[in-house]
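**Student:** here's a sequence, model it:
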Amino acid sequence: MRSDSIGAVARGVVLVEGVSGGGGCGVLGEVELHGEGVPAVADLDRGVVATQLGGCGEGQVEPGVTAAQADEALAAQRYDAAIGLYNDALKLDPQNDRALRGRSDAVAARAVAAAASAATPPPAPGRGFAVGRTAATGGEAGGARGETPAGFEVTPDVKVGRATQASALPGKIQFDVEPDRVKAGDPYRVRILFANEGDAPIQIREVVVASRVNGRVASGPVPALASSVAPQDRVVLREVSGVWKEDTASWQMEVTVRTQRGETYRNELTWR
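**Tutor:** Residues are numbered from 1 along each chain as shown. Predicted coordinates for the structure are as follows:
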């Protein structure tokens, strides 16, 4: 940078005219000189005045500043941003050693991260649950002894027997599980439901839940949330929730429902 003319004016103000830099631009302005840190003429020749006046090169960013921002992005593993900033620094100074080395490091780090991501398998989605079929037995002892139901006669041409369980016992134990697949650390919820597919109400007498986890069994009666199930209706009998344990290798829940009429229903839920 050179100064065509520098003059001192009143009140300690230096007037700078025709200041031109390497880019060929010019400025016209004044710098007030007061207190400590008054720039010497030699300092003005090195660009102090141009910086204070906001003239030549206004808005430009030094390569070192841009490279420093790129270093921060690289340290934060924002590789694309770091490479872009290093490129910006090299546009200002193509031979900037810091930017050249930084861009090389960022490109290499990005490639390593991409390879590691591709090689790492996605986490297992977890295993799901399988619901069994309800097994039902009636409470009438006479059927077990082969007795003829009341009101019917047995003749050589007609054979009379009790109704099959499928038609005589309309209850069904069902399960509602959330989520449908679980793995270690996942919260879960199991709702035990009872459906009445018949035409008469079913009175619940007892609900027993047996859990088998890794071969260990815990069983006992639990309070039912409903005592009666209307015809063609379904109710929640019990809800179990928790967090799936990491050491769980096998898991099964068996539910037994007994009614006031002496009927017994069983069904199970298995983690597979």
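**Student:** where exactly do the helices run in the protein?
**Tutor:** Counting by DSSP state H, the chain has helices at residues 41-45, 48-53, 63-75, 79-92, 97-119, 141-144, 165-168.
**Student:** let's test this: name the helix or strand in the chain with the lowest mean pLDDT.
**Tutor:** Among the helices and strands of the chain, helix 48-53 carries the lowest confidence by mean pLDDT, DSSP states H and E, at a mean of 38.
**Student:** show me where pLDDT drops low in the chain?
**Tutor:** Low-confidence segments of the chain, defined by pLDDT under 70, span residues 1-61, 120-124, 140-167.
**Student:** how is it carved up into domains?
**Tutor:** If the domains of the chain are taken from automatic domain parsing, they occupy 5-53, 63-119, 127-271, with pieces of a single domain joined by a plus sign.
**Student:** so what would you say the end-to-end distance of the longest one is?
**Tutor:** What that stands for is domain 127-271. Domain 127-271 stretches 7 Å from its first residue to its last (C-alpha to C-alpha, to the nearest Å).
**Student:** same question, stretch 218-230
**Tutor:** Across stretch 218-230, the terminal residues are separated by 31 Å (C-alpha to C-alpha).
**Student:** got a list of contacts for it?
**Tutor:** By C-beta atoms under 8 Å, 6 or more residues apart in numbering, the list of residues contacting stretch 218-230 from outside reads 171, 194-196, 201-204, 206-211, 235-239. (C-beta placed from N, C-alpha, C; glycine too.)
**Student:** now do 10 Å
**Tutor:** When contacts are defined by C-beta atoms under 10 Å, 6 or more residues apart in numbering, stretch 218-230 is touched by residues 170-171, 191-198, 200-212, 233-240, 254-260.
**Student:** which of those fall within strands?
**Tutor:** Under the assignment DSSP state E, those contribute 171, 191-196, 202-212, 233-240, 254-259 to strands.
**Student:** just the buried members of those?
**Tutor:** Among these, those scoring as buried are 171, 191-196, 202, 204, 207, 209, 212, 235, 237-238, 254-259 (criterion: 16 or more other C-beta atoms under 10 Å).
**Student:** returning to that earlier point: Thr248 is nearest to which of the helices of the chain?
**Tutor:** Between Thr248 and the helices of the chain, the shortest gap by C-beta to C-beta is with helix 97-119, which sits at 28.3 Å.
**Student:** other SSEs contacting the closest one?
**Tutor:** The contact analysis (3 or more C-beta pairs under 10 Å, 6 or more residues apart in numbering; DSSP states H and E) places helix 97-119 against helix 63-75, helix 79-92.
**Student:** how about those helices in JSON lines, adding distance to Thr137?
**Tutor:** Rendered in JSON lines, the data for the helices and strands packed on helix 97-119 read as follows (distance: least, C-beta to C-beta, whole Å):
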{"stretch": "helix 63-75", "distance to Thr137": "70"}
{"stretch": "helix 79-92", "distance to Thr137": "67"}
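**Student:** I'd like those helices as JSON lines, with mean neighbour count and distance to Ser250 appended.
**Tutor:** Converted to JSON lines, the helices and strands packed on helix 97-119 look like this (neighbours: other C-beta atoms under 10 Å; distance: least, C-beta to C-beta, whole Å):
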{"stretch": "helix 63-75", "mean neighbour count": "18", "distance to Ser250": "47"}
{"stretch": "helix 79-92", "mean neighbour count": "19", "distance to Ser250": "44"}
